[in-house]
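Q: Output the structure for:
(3 chains)
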Amino acid sequence: MPDHPIIEFRDVSYAVAGTLVLSGLKFEVQPGETLVLLGRSGSGKTTTLKLINRLLSPTSGEVRIKGVPNTQLDLVALRRSIGYVIQEVGLFPHYTVERNIALVPWIMKWPEDRIRLRVKELMQLTGLIPELASRYPHQLSGGQRQRVGVARALAADPEILLMDEPFGALDPLTRNELQQEFLSLQRKLRKTIVLVTHDLREALRLGSRIALMETGRLVAALAPQEFLHSADPAASAYVRAFGDGLGTTLDRSAS
Amino acid sequence: MNFFHFMAQNHQQVLELTLEHLWLVGLSTLFAAMIGIPLGIAIAHRPRLDKPVLAGANIIQTIPSLALFGFLLPLPWLGERADRLAILALTLYALLPIIRNTYTGIRGVDAAVLEAGRGMGMTDSQLLFQVELPLSISMILSGVRTAVVISVGLATIAAAIGAGGLGEFIFRGLAMVDNRVILAGAVPAALLALLADFSIGWLEKRLQPR
Amino acid sequence: MNLLRKTVCGLIVIATALVIPSCAPSRADRIVIGSKNFTESLILGELFAQQIESHTRLKVERRFYLAGTYICQQAILAGRVDLYPEYTGTALTAILKEPANSDKGTVYQRVKSEYERRFRLTLGPSLGFNDTFAMEIRGEDARRLNLKTLSQAAAFAARWHAGFGYEFMERPDGYRGLAATYGLHFAEPPRVMDLGLLARALQNHQIDLAAGNATDGLIPALDLFALEDDKHYFPPYEAVPVIRMQTMQEHPEISQLITDLAGKISDEEMQRLNYAVDGQHRDAKDVVHEFLRSKMLTY
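A: This is a model prediction of the structure:
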């Protein structure tokens, strides 16, 4: 059973240009779990995510990775050990799929054959047919692009994966497909994942725990089943906003 | 003796003046690129500096070229040799298109791409050389192309202060009231400009990011 | 990525290829002769050109019609030109920027030593004539008012209009010093005109005094009179070849050829040569060739 949390937020606040965006954030992420940061736009969930890989620095408080404050870790090494997936994907348009996936191993100077093998492995893992290896991002569909994004994030085999609304830009059918594959991937790899979304259905389906955020504060952190039936005003308001049929979402979920 | 005859008869001098012209244009464009591209990158990354730098380059552009040649004449070391002076002036004129295009190119790189790169642990210099520059090279080259074409034209005026080049034919032809001589300078200069425009343009297209 | 690297390398190669050949002119068998853009300078340039052409195997390239003293100086300093005809007075005041001096020998020596020291250029011997500035008036006025010198003419300046070329107006050894020396005050500030138009303007009574040259071909042709510089304001303007010292070293045979021309052209002879080209519209090449034959310097 997990002893130390792999990610820890200790009383973290973040302000920019005099405005407080996050205040008093305190929570832990256990190894192997999928923590979903759920909330409406402006609730501070993306900001929270970016504090983990130090794309942003807290105004006060500490973010610890495996017990060490992340300010004490070498910035570049930290980021290379954490996978990062964003909604727009951000593939390098001038790199082939293969080179895009191989990015982190390449900058970490892995030997070429090891890289090639790893890319093949990842493409298989993320459901990308081998022919796509030499294609360019503009030749791919939205769903294919995000698969490449995920493969890229997993390339150096990081323990932690950060995902910011990874499926938000996709059509519902593709989104459904990718969510399904996400679940099977997670079962296989057992990474620690922090995933940001505003979609309760997605949260219920993918998360092992849901952390609800509102105006920069963590309001509730519950397992999906508990969340659905929670008496907490914020949580129940969210549930109501999403309407019926959420129960079936749970049946297809992770935990 | 018509124009073509004249060119054939004097081909040695046409070639010599063309090489002088290329020297003026080539060196000044090289200097302008060495200064302008890093400067363009710097202001693209530091938004507070962009207005003053671009405004400064713009002001230089508005000075009439012959006047600029004249201003620079009294300077020590530079003013003593017309070709040094001409190269300085041509470099200054080439700065604006190069700085501006570098700036626009780098700013135009998709923010999501940069965020993804940074988030995955690329250093600033890795981002610059692996992502920003390759994605803006086409735009930067376009700035270089503009600079070269402008320089070829301006270098003809440099002959007025003794820097040599194809402009010498033009001024000589004016003094002799001989059109063939004027054309012997004007036609190669125009051809040079067209050639540069075409070849650099071709390169731009080849390097266009998808 | 590979294409980018190749492109950058390619561009560097091209840039180098463009720049390198322009730096090292192969002058093994070539001499470039320059001249300014007025008739006399052209004739002298052609003179040196033909002298060298007919007595050596060297290929002579002519870069004539360079627009002024400064441009010629720049060209020879940069090595684009190996030799060009200059005037000692001009070299002294306009290039060395030293005060004028009326002694021929002093001026020549000073210019030669300074040119050798500062510019690695040397001077050949004088061709003989003194092309000093000539203040020209109409012959009829000279006879009517019985004028021979500038001092005499100064008395009439207030009623006259003057016309000068651009360089004369601006040069330190030009109008300013002249006006100060002779106390010249004209009816209005002198008009700046193109050199070629001065003679005609004088004829048409648009101006009454023009700064011409002592060797102007038009002086006898248009019945103009050159006033004597009795106060010796103008420095001597002996015509000399300015040559790059490196050229002299590479082609020592030139030295004798240039010395052969020393003192061969008198003031009157220069006037006649100028007139042949300006007034009679003959080709400078033919005129020079004829002249060289007459002096038995060529066949």
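Q: what residues are up against residue 177?
A: The chain I'm using is chain A. A:Gly143 (CB atoms under 8 Å, 6 or more residues apart in numbering or on different chains). All C-beta spots, glycine's among them, are computed from the backbone N, C-alpha and C.
Q: To clarify, I was referring to chain C.
A: Contacts of C:Gly177 by CB under 8 Å, 6+ apart are C:100, C:233.
Q: what do you get for C:Phe225?
A: Taking CB under 8 Å, 6+ apart, one finds C:136-139, C:141-142, C:147, C:219 in contact with C:Phe225.
Q: can you list the residues of chain A near chain C?
A: Contacts of chain A with chain C, taken as CB under 8 Å from any CB of the partner chain, map to A:His94.
Q: What segments of chain A are strands?
A: A:7-16, A:19-29, A:34-38, A:60-65, A:68-69, A:82-86, A:160-164, A:192-197, A:209-214, A:217-222 (DSSP state E).
Q: Mean pLDDT and mean neighbour count for those strands - can I get that in CSV?
A: Converted to CSV, these look like this (pLDDT from 0 to 100; neighbours: other CB atoms under 10 Å in any protein chain shown):
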stretch, mean pLDDT, mean neighbour count
strand A:7-16, 94, 18
strand A:19-29, 93, 17
strand A:34-38, 96, 26
strand A:60-65, 94, 18
strand A:68-69, 94, 13
strand A:82-86, 96, 26
strand A:160-164, 97, 23
strand A:192-197, 96, 24
strand A:209-214, 94, 23
strand A:217-222, 93, 18
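Q: Tell me the residues of chain B that contact chain A?
A: So chain B meets chain A at B:110, B:112-123, B:126, B:130-131, B:134-135, B:209-210 (CB under 8 Å from any CB).
Q: tell me the phi and psi of B:Trp77?
A: The phi and psi values for B:Trp77, taken as degrees, to the nearest 10, are phi 60, psi -50.
Q: For burial, what's the neighbour tally of it?
A: 8 (other CB atoms under 10 Å in any protein chain shown).
Q: Assess the claim that it and B:Arg84 are in contact.
A: Yes: taking contacts as CB atoms under 8 Å, B:Trp77 lies within contact range of B:Arg84: 7.4 Å.
Q: circling back: could the strands of chain A go into JSON lines alongside distance to chain B?
A: Output for the strands of chain A, formatted as JSON lines (distance: least, CB to the nearest CB, whole Å):
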{"stretch": "strand A:7-16", "distance to chain B": "16"}
{"stretch": "strand A:19-29", "distance to chain B": "18"}
{"stretch": "strand A:34-38", "distance to chain B": "16"}
{"stretch": "strand A:60-65", "distance to chain B": "14"}
{"stretch": "strand A:68-69", "distance to chain B": "17"}
{"stretch": "strand A:82-86", "distance to chain B": "4"}
{"stretch": "strand A:160-164", "distance to chain B": "8"}
{"stretch": "strand A:192-197", "distance to chain B": "13"}
{"stretch": "strand A:209-214", "distance to chain B": "20"}
{"stretch": "strand A:217-222", "distance to chain B": "23"}
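Q: Tabulate those (a markdown table), appending distance to C:Pro190.
A: A markdown table is the format used below for these (distance: least, CB to CB, whole Å):
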| stretch | distance to C:Pro190 |
| --- | --- |
| strand A:7-16 | 72 |
| strand A:19-29 | 74 |
| strand A:34-38 | 87 |
| strand A:60-65 | 81 |
| strand A:68-69 | 85 |
| strand A:82-86 | 77 |
| strand A:160-164 | 80 |
| strand A:192-197 | 84 |
| strand A:209-214 | 87 |
| strand A:217-222 | 88 |
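Q: So which of the residues of chain B next to chain A reach chain C?
A: B:Pro134.
Q: mind listing which of the residues of chain B next to chain A are in helices?
A: B:112-119, B:126, B:134-135 (DSSP state H).
Q: Nearest to chain C among those?
A: Nearest to chain C among these: B:Pro134, at 5.6 Å, using CB to the nearest CB.
Q: quick one: which of the ones in helices among the residues of chain B next to chain A has the most company?
A: Ranked by neighbours (other CB under 10 Å), these are led by B:Ala116, which has 25 neighbours.
Q: Quick one: list the elements packing against the helix or strand harbouring C:Phe48.
A: For C:Phe48, the host element (DSSP states H and E) is helix C:39-55. Judged by 3 or more CB pairs under 8 Å, 6 or more residues apart in numbering or on different chains; DSSP states H and E, helix C:39-55 is in contact with strand C:30-36, strand C:59-66, strand C:83-87, helix C:253-260, helix C:267-278, helix C:284-294.
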